[in-house]
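> mind folding the following:
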Amino acid sequence: MANTETFKISAALKDLIGKELITDEFVAVFELVKNSFDANASKVEVIFENNYEPDNARIVIKDNGKGMNYDDLKNKWLFVAYSAKRLGKENRLAASG
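Numbering: from 1, shown residues only. Below is the predicted model of the structure:
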């Protein structure tokens, strides 16, 4: 039996709607790439597929960052305006090099 999940909304939504609003498709892609680096990715690929077929076109963003498990999806991704950084809960890995 499949689980049904719903979105939760953070009080920070008012800030996202205001000053941090994603204003266009370029900013949206930038934010997704930024999320990859926030997940400690050292490599991010932005792949444009089927550019000449508008009905099948898509953008794929691949990275080697920390992925999300079911609990992450449920408690973070489905939580609109959730921010581990803002809440001080971000688990950053030490930079290597």
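> in this protein, which helix is the longest?
helix 25-38 (DSSP state H).
> okay, now the unreliable bits of this structure?
1, 14-21, 80-81, 86-97 (pLDDT under 70).
> do that again at 80, thanks
1-2, 6-23, 76-97 (pLDDT under 80).
> and residue 59, that's in a helix?
No. Read with DSSP: H, G, I helix; E, B strand; the rest coil, residue 59 is strand and lies in no helix.
> buried ones in the longest helix of the chain?
Neighbour counts over helix 25-38 (16 or more other CB atoms under 10 Å) mark 33, 36, 38 as buried. Every C-beta, even on glycine, is put in place using the N, C-alpha and C of the backbone.
> so who does the first one touch?
Counting by CB atoms under 8 Å, 6 or more residues apart in numbering, residue 33 touches 44, 46, 61.
> just put these in CSV and tack on neighbour count and distance to residue 83.
Listed next are the contacts of residue 33 as CSV, based on neighbours: other CB atoms under 10 Å; distance: CB to CB, whole Å:
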residue, neighbour count, distance to residue 83
44, 17, 20
46, 14, 23
61, 14, 19
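> looking at those residues, spot the one nearest residue 7.
The shortest approach to residue 7 among the contacts of residue 33 belongs to residue 61, at 21.5 Å (CB to CB).
> excluding chain neighbours, what is closest to the closest one?
Nearest non-adjacent residue to residue 61, counting by CB to CB, 6 or more residues apart in numbering: residue 32, 5.0 Å away.
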